[in-house]
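Student: Fold the following and give me the result.
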Amino acid sequence: MILKIIFFVLGALAAFAIAQSEYSLIVSAVAGLLFGIITVGLAWGVEGLLKKTSARGFQGAAIGIASASIVFFALNSVLSGFSIPGSVLPFVSAAFFFVLLNIGVTLGFKKGKETMQAGSRTRAGSKNTGETKILDTSVIIDGRIADVAEAGFINGTMIIPRFIIKELQHIADSSEPIKRVRGRRGLDVLKRMQQEIPNVSIKITNHDFPNIKEADLKLVELANNLKGIIITNDFNLNKVAGLQNVKVLNLNQLSNALKPVVLPGETMTIHVVKEGKEDNQGVGYLEDGTMVVVDEAKRHMGDEIQVSVTSVLQTPTGRMIFSKVKETGRKHMVSDIRG
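Tutor: I've put the predicted structure just below:
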């Protein structure tokens, strides 16, 4: 408030000093009073504007003021060459000055703001390549995330909330041998990523949401708060995150995308390892783990046979290949038996 009073006094005295040489004391006092009020109003407006103005916008406004001042002094020397009464000239000059000041501040502020927004978009674009990744329990236990990161396909900061660490520890302390092995494997994967993979940074955080019981929902809430990406192998978590517009990287989807393309009619060699669900079906697997269902292959259990692909089914959890025993392979085996 003291600063506003100082502005008022300075504005009033300046206007009074200008007007006194040409007008009566009363007119000069009124002019000083009005100019003081205008000065305080402008100061109040500028103060409110500064609270909402970024440093870049303020810098642009300052450049605008400097430019307006230079132009004003140039125009003022031109105005002095015209036959303008001496009593009017100061007010004309003041009017020109405030018009130029308004233009300078407005343009400078606008250009400064545009520059700041362009810089923000550039920084946002560069940050997209290094978005924060949040790992869930399934992808840590799976372990392939470490291989993908080591190969350089995923980098940057990876967030592991402490409630995920607790879940891994709980699994590692389980009385069931399989769960215990899975939990310890997850902890070993994290240790490997912390110590052996330089292009990722593992950050354990204390983020928690006591009002939310399920770990999956906590991860989704955390991803919303941090504007991060969830990396998972859990199909259900993938769906829940998608409903809340949270970005998800599913390593199973990545694995499926990298599997070789198989087209109907292609021939492959399959080791039939077990019976299928339907009558007379056999089941085998490719090297990448893809299941191959073979019609009429029950009698070839334990054999390696040539099969012909009939169709490929892509499911959310993986891919299945349906095939039948290749005719040439069947005839060859029949001739061997007769021989």
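Student: Could you identify the helix or strand that succeeds whichever strand or helix holds N225?
Tutor: Assessed by DSSP states H and E, N225 sits inside helix 215-226. Counting by DSSP H and E, the element after helix 215-226 in chain order, helix or strand, is strand 229-232.
Student: After that following strand, which helix or strand is next? Please name it.
Tutor: Toward the C-terminus from strand 229-232 - assigned by DSSP H and E - lies helix 235-243.
Student: Return the set of buried residues in whichever helix or strand comes after that next one.
Tutor: Once helix 235-243 ends, the next helix or strand along the chain (criterion: DSSP H and E) is strand 248-250. For strand 248-250, a neighbour-count test (16 or more other C-beta atoms under 10 Å) marks 248-250 as buried. Just so you know, the C-beta spots here come from the backbone N, C-alpha and C atoms, and that holds for glycine as well.
Student: got the buried residues for the helix holding N225?
Tutor: Quick answer for helix 215-226 (16+ other C-beta under 10 Å): 215-216, 218-223, 226.
Student: pLDDT added to these, as CSV?
Tutor: As requested, the buried residues of helix 215-226 are exported to CSV (pLDDT from 0 to 100):
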residue, pLDDT
A215, 87
D216, 88
K218, 91
L219, 91
V220, 91
E221, 91
L222, 90
A223, 90
L226, 87
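Student: contacting residues for D142?
Tutor: 233, 251 (C-beta atoms under 8 Å, 6 or more residues apart in numbering).
Student: And it, its phi and psi?
Tutor: Backbone geometry at D142, expressed as degrees, to the nearest 10, gives phi -60, psi -40.
Student: And the one 10 residues further on, by the same measure?
Tutor: G152 has phi and psi values of phi 90, psi 10 when expressed as degrees, to the nearest 10.
Student: Could you pull up phi and psi at the spatially closest residue to it that is not a sequence neighbour?
Tutor: In this structure, G152 finds its nearest non-sequential neighbour in N199, 6.2 Å apart by C-beta to C-beta, 6 or more residues apart in numbering. With angles defined as degrees, to the nearest 10, N199 sits at phi -90, psi 0.
Student: give me the number of residues near N199?
Tutor: The number of residues packed near N199 is 12, by other C-beta atoms under 10 Å.
Student: One more: I37?
Tutor: For I37, using other C-beta under 10 Å, the count is 13.
Student: Check the gap between it and V9 for me.
Tutor: I37 sits 12 Å away from V9, going by C-beta to C-beta, to the nearest Å.
Student: Next, the angle helix 235-243 makes with the helix holding N225.
Tutor: 30 degrees (axes from the mean of the first three to the mean of the last three C-alpha atoms, to 10 degrees).
Student: circling back to that earlier point, the residue nearest to G152 reaches V148, doesn't it?
Tutor: No. In this structure, N199 is not within contact of V148 by C-beta atoms under 8 Å, at 11.1 Å.
Student: List the contacts of the residue nearest to G152.
Tutor: 149, 152, 155.
Student: so how many other residues sit close to the second one?
Tutor: Around G152 there are 10 other residues, counting by other C-beta under 10 Å.
Student: Please apply the same query to I178.
Tutor: 9.
Student: quick one, phi psi at P210?
Tutor: Residue torsions, per degrees, to the nearest 10, at P210 are phi -60, psi -30.
Student: Next, find the distance separating it from N224.
Tutor: For P210 relative to N224 (C-beta to C-beta), the value is 17 Å.
Student: Assumed V283 was part of a helix.
Tutor: No. The assignment for V283 (DSSP: H, G, I helix; E, B strand; the rest coil) gives strand, which keeps it out of a helix.
Student: Surely it is in contact with K274?
Tutor: Yes. Using C-beta under 8 Å, V283 makes contact with K274 at a distance of 5.1 Å.
Student: between those two, who's got more neighbours?
Tutor: V283 (19 against 12).
Student: need the helices for this protein, in chain order.
Tutor: Using DSSP state H, the helices of the chain run over residues 2-20, 25-51, 55-79, 89-127, 137-142, 144-150, 162-172, 177-196, 215-226, 235-243, 251-258, 327-338.
Student: Between those, which has the poorest mean confidence score?
Tutor: Within the helices of the chain, confidence is poorest for helix 327-338, with a mean of 47 (mean pLDDT).
Student: Output the longest strand belonging to the protein.
Tutor: strand 304-315 (DSSP state E).
Student: Quick check: buried residues in that one?
Tutor: Applying 16+ other C-beta under 10 Å to strand 304-315 flags 305-309, 312 as buried.
Student: Now those in TSV, please, with extra columns for pLDDT.
Tutor: Output for the buried residues of strand 304-315, formatted as TSV (pLDDT from 0 to 100):
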residue	pLDDT
I305	91
Q306	90
V307	92
S308	91
V309	91
V312	87
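Student: Which of those sits closest to L13?
Tutor: Nearest to L13, judged by C-beta to C-beta, of the buried residues of strand 304-315 is V312 at 88.7 Å.
Student: Identify the residues contacting I26.
Tutor: Per C-beta under 8 Å, 6+ apart, neighbours of I26: none.
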